[in-house]
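Enquirer: next one to model:
(chains A, B, C and D)
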2 protein chains.
Amino acid sequence: MNTPIIVAIVEDKDDIRQSLAILVNGADGFVCKQTYVNAEDALDDLTRYPVDVVLMDIDLPGMNGIECVRLLKPRHPDMQFMMCTIYDEEEKVFEALKAGANSFILKRSSPARLLDAIRELHDGGSPMSSSIARKVVGSFFNVPAPAEAERNTELDILTPREREILGRLSKGYSHKEVADELFVSPTTVRKHIFNIYEKLQVHTKVAAVNKYLNRTNL
Amino acid sequence: MNTPIIVAIVEDKDDIRQSLAILVNGADGFVCKQTYVNAEDALDDLTRYPVDVVLMDIDLPGMNGIECVRLLKPRHPDMQFMMCTIYDEEEKVFEALKAGANSFILKRSSPARLLDAIRELHDGGSPMSSSIARKVVGSFFNVPAPAEAERNTELDILTPREREILGRLSKGYSHKEVADELFVSPTTVRKHIFNIYEKLQVHTKVAAVNKYLNRTNL
DNA sequence: GGCTCAATACTCCATTTGTATGATTTTTGC
DNA sequence: GCAAAAATCATACAAATGGAGTATTGAGCC
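Expert: Coordinates of the predicted model:
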């Protein structure tokens, strides 16, 4: 046995998370030292301390597992994400695939099957529960139009001008730089920003930009 | 065991075809009375006498297995096609999926796995060898493969502590809030942030967070 | 006409942040 | 054990930012 497969678990339910950890740690060739009860913690920690395979629950309090994958995958393309779900909800599956998930299993899968799946995933496969695979396979038959991304309705309450300014803030511009670009006074920009903060219920640039970029609950 | 799953086999190589038939007929709940050595015969016969599941070789003399599926599937939408192939050739996989194939397995799969797969297929699943699934899954996530070479190496030059602080900044925290969370003085946090700015070549929080979140090209 | 809203603009003030310089203690790699 | 890297803290100053109040103009609506 050479180096074990390093596994992380993101699952809010205590019993399930612990069972999974025990299963993984009890098997030869696997080790799991990183478990998380929510996506926020996982995102933060896994960015800094990547692992080989992440077992990610989809339905998490706060940020869901799919969002978490969407943020983590670009940072660590080699990290493999196995989505764990109770039901094979169609939309979720495709959403997760687009976010960069590599594998899908139903929680009712047997322990042996789960371990096999982790190994397969680590070896470059994409193990999937077959009912989920059916949905994916079926999507090819009817040439699906790539669904457009879900918008953030919060931004709708902003005026066009406010969105324009917020967009520039998201690039890291200062008040003055935005003002120069839009040919208005810095005071005006500040007033707009103040109004934006009120509408979005934030108090800092970074928080506002997070909402603008749909990263509301990092 | 109620009604057995009726299986047909389309495979030009005598030894493989016969082994498969023996395997299927020897197992409880399966029966295979229809085997074909080419796509033309299968097309003709299966049109008149449909079965539950068809094990279809892709590389056949004359008409290939994919063409055969393309013609048969519309006539019998409930008939399930399991493509059997030696290599997981990418183009072939997608071509077959579009033709209406439901399942994919590599010929080197174990007999037990094959029988499981047939049963799953009949039960509405789409069992796939995981390396094939990987191709399918990968087709959804269109990151031009920053596999290893051109990763976001910028974050690698940060120390763990710096990444930790940057992570908190990305949530919209102020210097003081970060300091309180990490039990250090605000001065220390500011020093870290300053060092981060130098390494990332930025001068504001928003710009740093953008790099952290890989959003360089807004 | 009167009303509302968006966009523009100003002032004043307190706080936060960015930059610079310097220093001490821990950790880590060889 | 030593040298390098990382983490810690301090002081100081200038710039940027967040917050509050006020005001003018023009567009659209009833």
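Enquirer: now do the longest helix seen in chain A: distance to the chain's middle.
Expert: Longest helix in chain A by number of residues (criterion: DSSP state H): helix A:186-200. Shown here is helix A:186-200, whose average C-alpha point lies 30 Å from the average C-alpha point of the whole chain (CA atoms, centre = their mean, to the nearest Å).
Enquirer: just checking, next helix/strand downstream of that helix?
Expert: On the C-terminal side of helix A:186-200, the closest following helix or strand by DSSP states H and E is helix A:205-212.
Enquirer: care to break chain A down by domain?
Expert: Structural domains annotated on chain A: A:5-141, A:153-212, as defined by automatic domain parsing.
Enquirer: need the per-residue pLDDT for A:Asp8.
Expert: Actually, residue A:8 is Ala. It isn't Asp. According to the per-residue confidence, A:Ala8 scores 93 in pLDDT.
Enquirer: how about it, secondary structure?
Expert: Under the three-state scheme (DSSP: H, G, I helix; E, B strand; the rest coil), A:Ala8 adopts strand.
Enquirer: for it, list the residues it contacts.
Expert: For A:Ala8, the contacting residues are A:32, A:34-36, A:42, A:46, A:51, A:53-55, by CB atoms under 8 Å, 6 or more residues apart in numbering or on different chains. (Glycine included, C-beta is placed from N, CA and C.)
Enquirer: what angle separates the helix or strand of chain A with the lowest mean pLDDT from helix B:130-138?
Expert: When the helices and strands of chain A are compared on mean pLDDT, DSSP states H and E, helix A:130-141 comes out lowest with a mean of 72. Between helix A:130-141 and helix B:130-138, the angle comes out at 50 degrees (axes from the mean of the first three to the mean of the last three CA atoms, to 10 degrees).
Enquirer: neighbours around A:Ser185, how many?
Expert: If you count neighbours by other CB atoms under 10 Å in any protein chain shown, A:Ser185 ends up with 12.
Enquirer: leaving out chain neighbours, which residue sits closest to it?
Expert: Counting by CB to CB, 6 or more residues apart in numbering or on different chains, the nearest residue to A:Ser185 once its immediate chain neighbours are dropped is A:Ala179, at 6.0 Å.
Enquirer: so for that neighbour, what's the pLDDT?
Expert: Reading off the confidence values, A:Ala179 has pLDDT 90.
Enquirer: that one sits in which helix or strand?
Expert: Under the assignment given by DSSP H and E, the secondary-structure element containing A:Ala179 is helix A:175-182.
Enquirer: and the gap between the residue located most distally from the centre of chain A and DNA strand C?
Expert: Taking CA atoms, centre = their mean, the residue of chain A most remote from its mean C-alpha position is A:Ser185, at 38.7 Å. Using CB to the nearest atom of the strand, to the nearest Å, one gets 3 Å for the distance from A:Ser185 to DNA strand C.
Enquirer: how about A:Leu169?
Expert: Using CB to the nearest atom of the strand, A:Leu169 is found at 12 Å from DNA strand C.
Enquirer: that residue reaches A:Ala208, doesn't it?
Expert: Yes: the criterion here is CB atoms under 8 Å, and A:Leu169 meets it with A:Ala208 at 6.7 Å.
Enquirer: overlap in contacts of those two?
Expert: Between them, A:Leu169 and A:Ala208 share the neighbouring residues A:Ile193, with contact defined by CB under 8 Å, 6+ apart.
Enquirer: which residues of chain A lie near DNA strand D?
Expert: Applying the criterion CB under 7 Å from any atom of the strand, the portion of chain A that neighbours DNA strand D consists of A:174-176, A:190-191, A:193-194, A:197, A:203-205.
Enquirer: which stretches in chain A count as helices?
Expert: A:14-26, A:39-48, A:65-75, A:90-99, A:111-122, A:130-141, A:160-169, A:175-182, A:186-200, A:205-212.
Enquirer: below-threshold pLDDT in chain A: ranges please.
Expert: For chain A, residues meeting the criterion pLDDT under 70 lie at A:1-2, A:88-91, A:139-156, A:214-218.
Enquirer: look up phi and psi at A:Val51.
Expert: The main-chain torsion angles of A:Val51 are listed as degrees, to the nearest 10 and equal phi -130, psi 180.
Enquirer: quick one, what contacts it?
Expert: Residues in contact with A:Val51 (CB under 8 Å, 6+ apart) are A:6-8, A:34, A:79.
Enquirer: from B:Leu97, how far out is the residue farthest from the centre of chain A?
Expert: Between A:Ser185 and B:Leu97 the distance is 58 Å, computed by CB to CB, to the nearest Å.
Enquirer: do the same with A:Arg190
Expert: 55 Å.
Enquirer: which of those two has more neighbours?
Expert: Neighbours were counted for A:Arg190 and for B:Leu97 using other CB under 10 Å; B:Leu97 has more, 25 against 15.
Enquirer: does that one touch B:Ile132 like I think?
Expert: No: assessed by CB under 8 Å, B:Leu97 is found out of contact with B:Ile132, at 9.9 Å.
Enquirer: how about the residues of chain A by DNA strand C?
Expert: Residues of chain A lying near DNA strand C by CB under 7 Å from any atom of the strand: A:159-162, A:182, A:184-185, A:187-188, A:190-192, A:204.
Enquirer: show me which of the contacts of A:Ala8 are buried.
Expert: Applying 16 or more other CB atoms under 10 Å in any protein chain shown to the contacts of A:Ala8, the neighbour count classes A:32, A:34-36, A:42, A:46, A:51, A:53-55 as buried.
Enquirer: let's see which of those end up in strands.
Expert: In strands, judged by DSSP state E, the following of those are found: A:32, A:34-36, A:53-55.
Enquirer: most widely separated two among the contacts of A:Ala8?
Expert: The distance between the two most remote of the contacts of A:Ala8 (CB to CB) is 14.0 Å, for A:Tyr36 and A:Val53.
Enquirer: which ones are touching A:Leu43?
Expert: A:63, A:68, A:71-72, A:218.
Enquirer: between these, which is nearest chain B?
Expert: Nearest to chain B among those is A:Leu218, at 5.1 Å by CB to the nearest CB.
Enquirer: list the contacts for A:Leu158?
Expert: Applying CB under 8 Å, 6+ apart to A:Leu158 gives the contacts A:166, A:196, A:199-200.
Enquirer: swap the cut-off to 7 Å and go again
Expert: Residues near A:Leu158 by CB atoms under 7 Å, 6 or more residues apart in numbering or on different chains: A:166, A:196, A:199.
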